[in-house]
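Student: Take this sequence and fold it.
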Amino acid sequence: MSGFSEVKRIETAIRNKNAKELEWSLWYCRMRQAVPSARPGDVKYWSGVEALVKETLAPPVEAKVYPTRKKKPNRGLGLGPLGSETE
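Tutor: Numbers count the residues shown, from 1 in each chain. Next comes the predicted model:
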């Protein structure tokens, strides 16, 4: 008996990031959760696997970069020029 071939297929899809296999994996996870005879532990397991598949399927969110203004020289706390120019 080969056993857990679906689990291996899902793990391979996540590892290879194959979009078609990830779609199938998402369907399979939802189907396993919707089975009337599913035990609470099974539902928890398949919802965790579904979250992994969704995370892999979704494109990574880019960090938002806001433009910054360059600071002008000698514009601090009003101390004036520093160094040899002070009296």
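Student: can you give me how far the helix or strand harbouring G48 is from the chain middle?
Tutor: Element membership for G48 (DSSP states H and E) is helix 40-57. Counting by C-alpha atoms, centre = their mean, to the nearest Å, helix 40-57 is centred 14 Å from the centre of its parent chain.
Student: mind checking how far L26 is from R32?
Tutor: 11 Å (C-beta to C-beta, to the nearest Å). Quick note: C-beta positions are derived from backbone N, CA and C, even for glycine.
Student: which neighbours do those two share?
Tutor: Here L26 and R32 have no joint contacts, going by C-beta atoms under 8 Å, 6 or more residues apart in numbering.
Student: where does the chain have low pLDDT?
Tutor: With pLDDT under 70 as the threshold, the chain has low-confidence stretches at 1-3, 74-87.
Student: ok, back up a step: which parts of the helix holding G48 count as buried, going by neighbours?
Tutor: Buried residues in helix 40-57, defined by neighbour count with 16 or more other C-beta atoms under 10 Å: 45-46, 49-50, 53, 56.
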